[in-house]
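Peer 1: Sharing a model prediction with you, sequence too.
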Amino acid sequence: MFAEIAAALGHGEPVALLTVVRVSGAAPCPPGSKLLVRADGSLVGSFGGATMDARAREDGLRALAAGQAEIHTYHLDPAGGESVGSCGATLEVFVEPLRPEPRLLVAGSGYVAQALARLAAPLGWRVTLLDDRSEFVRAAQVPEGVTTAVGELQELLASYGANPMTAIVIVTRGHRSDKEALVAALATPAGYIGMIGSPSKVRQIFRALLREGHTAETLARVYAPIGLDLHAETPDEIALSIAAELLLWRRGGTGAPLRDQETIARKVLAAATESESEESTAVAPEPAASGAE
């Protein structure tokens, strides 16, 4: 089981591990029994019955989507034939989503690359800066734990075994090296490929790649120009816009301001206006008496 988990995570595949932590009654499996749910819904192992395994698959996929561990209680009806005895059984199952450690390969080691490393490392990324200029790598100021490598960018990107949980960010010194790094990145199954550059630069590189035989579908994988629209100008600001897009890709979301999504102020004001309107109509003054008795 653990070899299956290691292999899946090594290929960038998230999985859910379900463990029976408590049993009462005549259950078909003892405490400690494990079942693995892959992202495609396939199972490794069994809890001893088709109905239970089907529920385990559903709960495992739900935990993968939510990214949170859960505990579920399974009740086995003896009429269903999955409990060993005639009194049924109850299982408590711990569901744990397991995700590969996200890796960030940065082609380039200049100011933007260094700023991105300083932001991404504390966010849980395993960061490596790649460059073909040893003097720039030696001068790079990066946090502890960030690794560096020197060599031909295309060869380096091919050697790191990128998987769907790998992000590749291309911020090299020029158009030619960016294009060469992009070609190498597109040859990998990396889940995120981003390239820095102005719209005109991106168009120029994309047109060249189309002429060389790359398809529009392939180029659609590329986040370019890279980053969210923050009107960033300095290297630190540009790195922030890239880190925000990386987090958006990794965690999901819309990137829209939460204020616009929740519209709390509008809802509170609408509720207050409605409440004031109800109060004013509920307490209406009595009409004045007309004439004397």
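Peer 2: Received it, and whenever you're ready, just let me know what you need. Residues are numbered from 1 along each chain as shown.
Peer 1: what sits against residue 168?
Peer 2: 104-107, 157, 162, 185, 188, 190, 192-194 (CB atoms under 8 Å, 6 or more residues apart in numbering). Glycine gets a C-beta too; all of them are placed from N, C-alpha and C.
Peer 1: oh, I was asking about residue 72
Peer 2: 55, 59, 92-93, 95.
Peer 1: Closest to residue 226 out of those?
Peer 2: residue 95 (35.7 Å; CB to CB).
Peer 1: Can you pull the phi and psi angles for the closest one?
Peer 2: Dihedral angles of residue 95 (phi, psi; degrees, to the nearest 10) stand at phi -110, psi 120.
Peer 1: how many other residues sit next to it?
Peer 2: Other residues near residue 95 number 23, with proximity taken as other CB atoms under 10 Å.
Peer 1: Can you give me the distance of residue 6 to residue 236?
Peer 2: Separation of residue 6 from residue 236 (CB to CB, to the nearest Å): 37 Å.
Peer 1: Now go through the contacts of residue 168 and say which are in helices.
Peer 2: Cross-referencing the contacts of residue 168 against helices under DSSP state H gives 157, 185.
Peer 1: Return the item of the contacts of residue 168 having minimum pLDDT.
Peer 2: For the contacts of residue 168, the weakest pLDDT value sits at residue 162, with 90.
Peer 1: picking that back up, and the contacts of residue 168, which two are furthest apart?
Peer 2: For the contacts of residue 168, and using CB to CB, no pair is farther apart than 106 and 188, which are 14.3 Å apart.
Peer 1: hang on, the earlier thing: would you turn the contacts of residue 72 into JSON lines with pLDDT and distance to residue 222?
Peer 2: Putting these into JSON lines (pLDDT from 0 to 100; distance: CB to CB, whole Å) gives the following:
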{"residue": "55", "pLDDT": "91", "distance to residue 222": "40"}
{"residue": "59", "pLDDT": "94", "distance to residue 222": "36"}
{"residue": "92", "pLDDT": "93", "distance to residue 222": "46"}
{"residue": "93", "pLDDT": "94", "distance to residue 222": "41"}
{"residue": "95", "pLDDT": "96", "distance to residue 222": "35"}
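Peer 1: Could you identify the most distant pair in those residues?
Peer 2: The largest distance within those, taken as CB to CB, falls between 55 and 92 and amounts to 13.2 Å.
Peer 1: which residues are common contacts for those two?
Peer 2: 72, 74.
Peer 1: What distance separates the opening and closing residues of stretch 147-163?
Peer 2: 18 Å (CA to CA, to the nearest Å).
Peer 1: And the strands in this protein?
Peer 2: All strands of the chain, identified by DSSP state E, fall at 15-25, 34-38, 43-44, 70-76, 89-98, 103-107, 126-131, 147-150, 166-170, 192-195, 222-223.
Peer 1: pLDDT (mean, whole number) over the first one?
Peer 2: Across strand 15-25, pLDDT averages out at 92.
Peer 1: could you dump the top helix by length along the chain to CSV, C-alpha only?
Peer 2: If you go by DSSP H, the chain has its longest helix at helix 264-282. Output of helix 264-282 as CSV, limited to C-alpha atoms (Å, rounded to 0.1, in the frame of the first residue of the first chain):
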residue,chain,number,x,y,z
ILE,A,264,-21.4,42.0,2.6
ALA,A,265,-21.8,45.8,2.6
ARG,A,266,-24.6,45.7,0.0
LYS,A,267,-26.4,42.9,1.9
VAL,A,268,-26.1,44.6,5.3
LEU,A,269,-27.4,47.9,3.9
ALA,A,270,-30.3,46.1,2.1
ALA,A,271,-31.2,44.3,5.3
ALA,A,272,-31.0,47.5,7.3
THR,A,273,-33.2,49.4,4.9
GLU,A,274,-35.8,46.5,4.9
SER,A,275,-35.8,46.5,8.7
GLU,A,276,-36.4,50.3,8.9
SER,A,277,-39.2,50.0,6.3
GLU,A,278,-40.9,47.2,8.4
GLU,A,279,-40.6,49.2,11.6
SER,A,280,-42.1,52.3,10.0
THR,A,281,-45.2,50.5,8.7
ALA,A,282,-45.7,48.4,11.8
